[in-house]
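Q: here is the input, now give the coordinates:
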Amino acid sequence: MQTGEGDASSPPPKVRAAEYVRMSTEHQKYSTDNQSDAIRLYAERRGYEIVRTYADEGKSGLNLGGRRGLQGLLHDVENGNADFEALIVYDVSRWGRFQDPDEAATYELRCRRAGVHVHYCAEQFENDGSIGSSIIKTVKRAMAGEYSRELSVKVFAGQANLIRLGYRQGGAPGYGLRRMLVDQVGSSKGLLERGEQKSIATDRVILVPGPDAEIDTVRDIYRMFIEEGRSEREIAEVLNARGGVTDWDRPWTRGAVHQLLINEKYIGNNVWGRTSFKLKSAHVQNPPEDWVRSDGAFDGIIDNDLFDRAQAIIRARSDRLTDERMLEILQRILESQGYLSGLIIDEAEDCPSSSAFRSRFGSLLRAYALVGFSPDHDYRYLETNRKLRAMYPAIVRTVLHRIADSGGSVLQDQATDLLTINQEFTASVVIVRCFQTATGSLRWKLRLDTALRPDVTVAVRMDSANEHAHDYYLLPRLDMHEAVLRLAEYNGLSLDAYRFETLDSFYRMAARTALRSAA
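A: Numbering: from 1, shown residues only. Next up is the predicted model:
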């Protein structure tokens, strides 16, 4: 009897569980140690025993790349190597702050399908598969992705502001220049050597002229190029014959000389943002009008007139060539190298510079396409965006004509394209590009205009080829600080109530829905 009572009072065996922790550098509270402490307290209360830890320390949550902890977890779970029945994660955002909220959902789904249930110890809901928990997770995943996007915008704006103030935002100074550390009031604190970084957040870095010997070499390069008419290749040979090396202690090449001849930092201009790498997406080459610049930010070592003469010579070399001849040269480089890049083009002998191709054909990507070369990254969305922007005026005109045909009145703000209909409410027309996920599903990301705050947004969703309208949404104003809707092929009853497959059905309901929304 006593044995039976003892058996009855003994605690049940604990459920074996693993923990996944990821540290982002945004907040100290998300350090892996603190996450693990919270997870183990949760496990103790719920009857779990932590038998395995998967950790990613200091890894971005924007993609799966480099996150060996999560990759190892998924491998073990899906290959039958998991010796646990449950997985405990600190919160929903620890999977990642993906721009597509469905991506985070797939990792939980992969665990659940393998028989491993996922728990969130810091969330205020039970992850029990109920409708309520599913809705909250979806919202939190979207919020996590939007947090990263907003943070990216703020960081970019902060960096752009520092550039306009004349400060340097990373990168090697270049031959003939040096990085100077200054404090918050602009007082010099000394030169930074290669590999050295500032240690105080309020300190800044500016460019200053380097050693006299390097400055003399830079000026000699310009003299040989402008006055003696030597090519970049010939100048590199002269410098190498003198025993000179670049700022990276390498022999001079045609490309190294060319970069020195076209870089505005040698006349004291601070230029930033020639390429973008936002949210861990592919590098994008930005048009010159999108560059962030501060002219005369620091003392140049070449005067403006000399620099302009060098640019005129470089431009003239390509001006003499027809489009066909330039593409023939580019094709020859592709055949010999098997690949194309700005650096490869600038290193090629008897070839216009990469900037010349960019100027002649609108972009390097356009020139690449004309010779049949496709880079590793897919930049087709840039061309799609340009095409959709070109379509926009025609779509707005169609809306104006349909409203007039229906007996309504409409005024269009020429600066913002905001429509005022029947002098009662405002409307904004938005074209939404279609893109495919890695799994082949179609998605649309609609960004509502929170600055103009129209009463109604007319969203035109494009088809999978972004050639024609797929359907139309009529959306009332949402009271959101940053309104972003991510639409799938099927969006449930709430949004389908505002969806129209044709323009005719759309216009039959537009006025009534819009008036109700404005009221």
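
Q: any regions of the stretch 251-400 of the chain where pLDDT drops low?
A: 274-286, 376-383 (pLDDT under 70).

Q: bridging residues for the closest residue to Cys434 other than its chain neighbours?
A: Of all residues not flanking Cys434 in the chain, Met462 sits nearest, at 4.9 Å (Cβ to Cβ, 6 or more residues apart in numbering). For glycine as for every other residue, the C-beta is placed from the backbone atoms N, C-alpha and C. Beta-bridge partners for Met462, by DSSP bridges, are Ala469.

Q: wait, doesn't Met462 sit right on Leu442?
A: No: if you go by Cβ atoms under 8 Å, Met462 and Leu442 don't touch, sitting 10.1 Å apart.

Q: more crowded one of these two?
A: Taking neighbours as other Cβ atoms under 10 Å, Met462 and Leu442 compare with Met462 leading, 21 against 15.

Q: against Ile200, how distant is that one?
A: 49 Å (Cβ to Cβ, to the nearest Å).

Q: just the buried positions in stretch 333-351, please.
A: If you call a residue buried by 16 or more other Cβ atoms under 10 Å, then stretch 333-351 has these buried ones: Ile333, Leu334, Leu340, Gly342, Ile344, Ile345, Asp346, Glu347, Ala348, Cys351.

Q: show me those that map onto helices.
A: Ile333, Leu334, Gly342, Ile344, Ile345, Asp346, Glu347 (DSSP state H).

Q: how close does the third one sit to Ile39?
A: Using Cβ to Cβ, Gly342 is found at 47 Å from Ile39.

Q: next: the fifth one.
A: When distance is defined by Cβ to Cβ, Ile345 is 52 Å away from Ile39.

Q: now the first one
A: The spacing between Ile333 and Ile39, counted by Cβ to Cβ, is 55 Å.

Q: again, but for Asn269
A: Distance, Asn269 to Ile39, using Cβ to Cβ: 52 Å.

Q: more neighbours: these two, which one.
A: Counted by other Cβ under 10 Å, Asn269 and Ile39 do not tie: Ile39 has more neighbours, with 25 against 18.

Q: for the more buried one, grab phi and psi.
A: As for Ile39, its main-chain torsions (degrees, to the nearest 10) stand at phi -70, psi -40.

Q: now for the buried residues of stretch 333-351, which pair is the farthest apart?
A: Maximum pairwise distance among the buried residues of stretch 333-351 (Cβ to Cβ): 14.8 Å, between Leu334 and Asp346.

Q: tell me which stretches of the stretch 1-150 of the chain form helices.
A: Applying DSSP state H, counting those that start in this stretch to the stretch 1-150 of the chain gives helices spanning 2-9, 32-46, 68-78, 101-113, 131-164.

Q: possible to save these as CSV with mean pLDDT and distance to Gly229?
A: Listed next are the helices of the stretch 1-150 of the chain as CSV, based on pLDDT from 0 to 100; distance: least, Cβ to Cβ, whole Å:
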stretch, mean pLDDT, distance to Gly229
helix 2-9, 50, 98
helix 32-46, 90, 61
helix 68-78, 90, 55
helix 101-113, 83, 56
helix 131-164, 74, 35
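
Q: how about the strands in the stretch 251-400 of the chain?
A: Remark: strands assigned in the stretch 251-400 of the chain by DSSP state E, counting those that start in this stretch are 270-272, 275-276, 284-285, 292-294.

Q: partners of the first one in the sheet?
A: Right, strand 270-272. Strand pairing (DSSP bridges) places strand 270-272 next to strand 292-294 (antiparallel).

Q: need the contact partners of the partner strand.
A: Gln159, Ala160, Ile163, Arg164, Leu165, Gly166, Glu264, Asn269, Asn270, Val271, Trp272, Gly273 (Cβ atoms under 8 Å, 6 or more residues apart in numbering).

Q: switch the cut-off to 10 Å
A: 156-157, 159-167, 169, 264, 268-274, 286 (Cβ atoms under 10 Å, 6 or more residues apart in numbering).

Q: mark which of those are buried, thanks.
A: Buried, going by 16+ other Cβ under 10 Å: 159-160, 162-163, 166-167, 264, 268-273, out of the contacts of strand 292-294.

Q: of all those, which two lie farthest apart?
A: Gln159 and Gly268 (19.6 Å).

Q: OK, contacts around Asn269?
A: With Cβ under 10 Å, 6+ apart, Asn269 has these contacts: Gly166, Asn263, Arg293, Ser294, Asp295, Gly296, Ala297, Phe298, Gly300, Asn304, Phe307.

Q: what's the local residue count around the nearest residue to the last one once chain neighbours are set aside?
A: It stands for Phe307. Nearest residue to Phe307 in three dimensions, chain neighbours excluded: Ile267, at 4.8 Å (Cβ to Cβ, 6+ apart). Counted with other Cβ under 10 Å, the neighbours of Ile267 add up to 18.

Q: helix, strand, or coil at Pro173?
A: Three-state assignment for Pro173 (DSSP: H, G, I helix; E, B strand; the rest coil): coil.

Q: oh, I was asking about Leu207
A: strand.

Q: quick one: contacts for it?
A: 166-168, 173-174, 177-180, 265-266, 268, 270, 297-301.

Q: buried ones among those residues?
A: 166-168, 173-174, 177-180, 265-266, 268, 270, 297-298, 300-301.

Q: so which of those sit within helices?
A: Per DSSP H, the buried ones among the contacts of Leu207 never map to helices.

Q: hmm, Asp413 and Val396 touching each other?
A: No: taking contacts as Cβ atoms under 10 Å, Val396 lies outside contact range of Asp413: 11.2 Å.

Q: who's in contact with Asp56?
A: 20-24, 32, 64, 66-73, 94, 96.

Q: surely Leu330 touches Leu340?
A: Yes: contact between Leu330 and Leu340 holds when scored by Cβ under 10 Å: they sit 7.2 Å apart.

Q: residues in contact with both of those two, list them for me.
A: Ala348, Phe357, Leu364, Ala367, Tyr368, Val371, Phe373.

Q: dump these into TSV; add distance to Ile431 as well.
A: Converted to TSV, those look like this (distance: Cβ to Cβ, whole Å):
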residue	distance to Ile431
Ala348	40
Phe357	30
Leu364	26
Ala367	27
Tyr368	27
Val371	31
Phe373	30
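
Q: of those residues, which is the most crowded?
A: Counting neighbours by other Cβ under 10 Å, the top entry in the shared contacts of Leu330 and Leu340 is Phe357, with 25 neighbours.

Q: identify the bridge partners of Thr420.
A: Bridge pairing for Thr420 - DSSP bridges - gives Leu411, Thr426.

Q: residues touching it, list them.
A: Residues near Thr420 by Cβ under 10 Å, 6+ apart: Ser409, Val410, Leu411, Gln412, Asp413, Thr426, Ala427, Pro454, Asp455.

Q: ok, 8 Å please
A: Val410, Leu411, Asp413, Thr426, Ala427.

Q: ok so, going back, same drill for Val396 and Asp413, tell me which one is more crowded.
A: Looking at Val396 and Asp413 with other Cβ under 10 Å, you find the greater number of neighbours at Val396, namely 17 against 11.

Q: which non-adjacent residue is nearest that one?
A: Val429 (5.4 Å).

Q: closest one of the contacts of Thr420 to Met326?
A: Asp413 (42.4 Å).

Q: residues contacting the closest one?
A: Asp413 neighbours (Cβ under 8 Å, 6+ apart): Leu419, Thr420.

Q: ok so, going back, who touches both of Met462 and Leu442?
A: Taking Cβ under 8 Å, 6+ apart as the contact rule, the neighbours common to Met462 and Leu442 are Cys434.

Q: mind checking how far Arg16 is from Ala43?
A: Distance from Arg16 to Ala43, by Cβ to Cβ: 10 Å.

Q: the two: which is more packed in?
A: Between Arg16 and Ala43, counted using other Cβ under 10 Å, Ala43 has the larger neighbour count: 20 against 15.

Q: many thanks, I have nothing further to ask.
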